[in-house]
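J.: Coordinates for the following, if possible.
(chains A, B, C, D, E, F and G)
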Amino acid sequence: MKLVPLGDRVVLKQCEAEEKTKSGIILAGQAKEKPQEAEVIAVGPGGVVDGKEVTMQVAVGQKVIYSKYAGTEVKLDGEEYIIVRQNDILAVVE
Amino acid sequence: MKLVPLGDRVVLKQCEAEEKTKSGIILAGQAKEKPQEAEVIAVGPGGVVDGKEVTMQVAVGQKVIYSKYAGTEVKLDGEEYIIVRQNDILAVVE
Amino acid sequence: MKLVPLGDRVVLKQCEAEEKTKSGIILAGQAKEKPQEAEVIAVGPGGVVDGKEVTMQVAVGQKVIYSKYAGTEVKLDGEEYIIVRQNDILAVVE
Amino acid sequence: MKLVPLGDRVVLKQCEAEEKTKSGIILAGQAKEKPQEAEVIAVGPGGVVDGKEVTMQVAVGQKVIYSKYAGTEVKLDGEEYIIVRQNDILAVVE
Amino acid sequence: MKLVPLGDRVVLKQCEAEEKTKSGIILAGQAKEKPQEAEVIAVGPGGVVDGKEVTMQVAVGQKVIYSKYAGTEVKLDGEEYIIVRQNDILAVVE
Amino acid sequence: MKLVPLGDRVVLKQCEAEEKTKSGIILAGQAKEKPQEAEVIAVGPGGVVDGKEVTMQVAVGQKVIYSKYAGTEVKLDGEEYIIVRQNDILAVVE
Amino acid sequence: MKLVPLGDRVVLKQCEAEEKTKSGIILAGQAKEKPQEAEVIAVGPGGVVDGKEVTMQVAVGQKVIYSKYAGTEVKLDGEEYIIVRQNDILAVVE
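T.: Numbering: from 1, shown residues only, chains lettered A, B, ... in the order given. Take a look at the predicted model:
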């Protein structure tokens, strides 16, 4: 099964939070800060969204920074994804 | 009786939540997480909605992921449906 | 006396809530769930509303589902009506 | 003195609340439900309001139903008026 | 010194609240209801405001009714003025 | 160092609050009412802001009245400035 | 790794807060006021954002003042950045 986003939606998969702090301490689940970095898994077709023409500017496989409180978390086949609007993607990490 | 949605509205029927967790425990009603996956039952005609031209991009029978807090729950003949705007449908599951 | 709605307004009359539950218990006033189903009593002329062209898509006599918290309740000659914008009508029940 | 409304404003005068309930009990001031029915006293010229062309559709002398929480109450020469935008008038009572 | 309003702004000066109630009782400062009637002192040039063309429709010297919670109170040379957008002026009193 | 505002932004410097009340009492810092009068220090270029064409209508050196809660306070070289959008300037004081 | 902002986004790096007050007292981390001055690190391409054409007006290396509560803080390789929309940049410091 795969997610095919509509309009200007983008499917992201959060990058793994590093398990160790710089000093080498292994963090338990709770203490890990939720990273805002994610990988682009699927990109919607863009087009007219809310009456405005949107051109998609991210591509599958890119690492991106997205807005902290944006998006909807979705679970599919036990995997967690975040679906955001392209507008909630702030920057590409190169 | 059937629901004929207006404008950019889409009638959804929630997919059954799995009764068992991965470990095989049977869940009582309360503990089941409400799934966001739903099947498209009926699709509005689109057209000009709020002064903006909307083209419908989902089709009856598709499985879709919709925005968690969107939509209106409707009961008809004892069956529960959710009516959402197409814009609240995030992705199609293929 | 009758209500002649302006713009994209629609006058609805709520359908009677069923007095009995499936198991046949007769419900007192309080316990009856307010149904969202209503009959269209009068339809505004549409036209330019809030600077946007609106075409009316419902007709007198249709049964419709409307958005739970929308509309204004109005009492006329002892009868209760709900006046909603067409946009708050989610679907027609056929 | 008279009120000449600007733009899409309409001056209304609330209809007297009936002093008696159906069973004939005379109500004191507090218990009377504020009616939403009002008479149109003056109608603005319409034209471009908030950048949108508005055509006035109500006329002086009509009885109208207006939105419960809309409008500004104004006292002039001891008389109370309500000034609403035409958009807050839901229906004409004929 | 004088105030020259920008855009669709209008400078108003509140009319004096009547010192006496109808029954002739003289009111102390606190008990006087703040009147919404004001005189137009200066009128902005109009033009494009928030991307919308605005034509000024009030004139210096007119008595107007303005929206109760609108405007900014300004003190200049010990005199108090209210600066409102023309849109917050509901009606002219003739 | 100097501030060069972007778009429709205007840099203001608050006029000194009068140290004395009319009766001649000298006010300590706390009791002085914050004046809304300010001098224009720098004016942005205008142009398309939020998709709307804005023409700047204030000039450096003018005394203006600005909206009480608008703007961002900025400290540069120990001096305090307020940066507002032109739309938050209500009137010019001549 | 570097951040490549999308649309009208701008990547900023906060200027170091001065460690000393004017009187020469060295401030601990908590007492230092967060400065609003930042250096532009990367500038998005502009173009159509939310259906409106945006031209970028800041350049890499400029010192800017940005709106206090705007933007998203991002950590990359241990460095902290703020990503803002160009519209949240109030002025350039020259």
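J.: Contacts only, for the spatially most central residue of chain A.
T.: Using C-alpha atoms, centre = their mean, the residue of chain A that lies closest to the mean C-alpha position is A:L12, 3.0 Å off. When contacts are counted by C-beta atoms under 8 Å, 6 or more residues apart in numbering or on different chains, A:L12 is found next to A:38-41, A:64, A:66, A:71, A:81-84. From N, CA and C alone the C-beta is placed, and that goes for glycine too.
J.: May I have the beta-bridge partners of it?
T.: Beta bridges link A:L12 to A:V40, A:I82 when assigned by DSSP bridges.
J.: what about it, distance to chain C?
T.: 31 Å (C-beta to the nearest C-beta, to the nearest Å).
J.: Roughly how far does that residue sit from E:A42?
T.: The spacing between A:L12 and E:A42, counted by C-beta to C-beta, to the nearest Å, is 54 Å.
J.: Now do the SS call for A:A70.
T.: At A:A70, secondary structure determined by DSSP: H, G, I helix; E, B strand; the rest coil is coil.
J.: related to what we said a few turns ago, turn the contacts of A:L12 into a markdown table, columns for pLDDT and neighbour count.
T.: Output for the contacts of A:L12, formatted as a markdown table (pLDDT from 0 to 100; neighbours: other C-beta atoms under 10 Å in any protein chain shown):
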| residue | pLDDT | neighbour count |
| --- | --- | --- |
| A:A38 | 95 | 23 |
| A:E39 | 97 | 15 |
| A:V40 | 98 | 21 |
| A:I41 | 97 | 18 |
| A:V64 | 97 | 25 |
| A:Y66 | 94 | 24 |
| A:G71 | 88 | 21 |
| A:Y81 | 94 | 22 |
| A:I82 | 94 | 18 |
| A:I83 | 95 | 25 |
| A:V84 | 95 | 22 |
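J.: between those residues, which is nearest B:V49?
T.: A:I83 (22.0 Å; C-beta to C-beta).
J.: so what's the closest one closest to, chain neighbours aside?
T.: B:L90 (4.5 Å; C-beta to C-beta, 6 or more residues apart in numbering or on different chains).
J.: Double-check that the one you found belongs to a strand.
T.: Yes. Read with three-state DSSP, B:L90 is one of the residues of a strand.
J.: tell me the contacts of A:C15?
T.: A:35, A:37-39, A:63.
J.: ok, now A:E73?
T.: A:80-82.
J.: can you give me the strands in chain A?
T.: Per DSSP state E, chain A carries strands over the ranges A:3-5, A:9-14, A:37-43, A:47-49, A:52-54, A:63-66, A:72-76, A:79-85, A:89-93.
J.: Rebuild the ones you listed as JSON lines, extending it with distance to F:P5.
T.: Supplementary listing: those in JSON lines, determined by distance: least, C-beta to C-beta, whole Å:
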{"stretch": "strand A:3-5", "distance to F:P5": "39"}
{"stretch": "strand A:9-14", "distance to F:P5": "34"}
{"stretch": "strand A:37-43", "distance to F:P5": "34"}
{"stretch": "strand A:47-49", "distance to F:P5": "32"}
{"stretch": "strand A:52-54", "distance to F:P5": "28"}
{"stretch": "strand A:63-66", "distance to F:P5": "28"}
{"stretch": "strand A:72-76", "distance to F:P5": "38"}
{"stretch": "strand A:79-85", "distance to F:P5": "30"}
{"stretch": "strand A:89-93", "distance to F:P5": "24"}
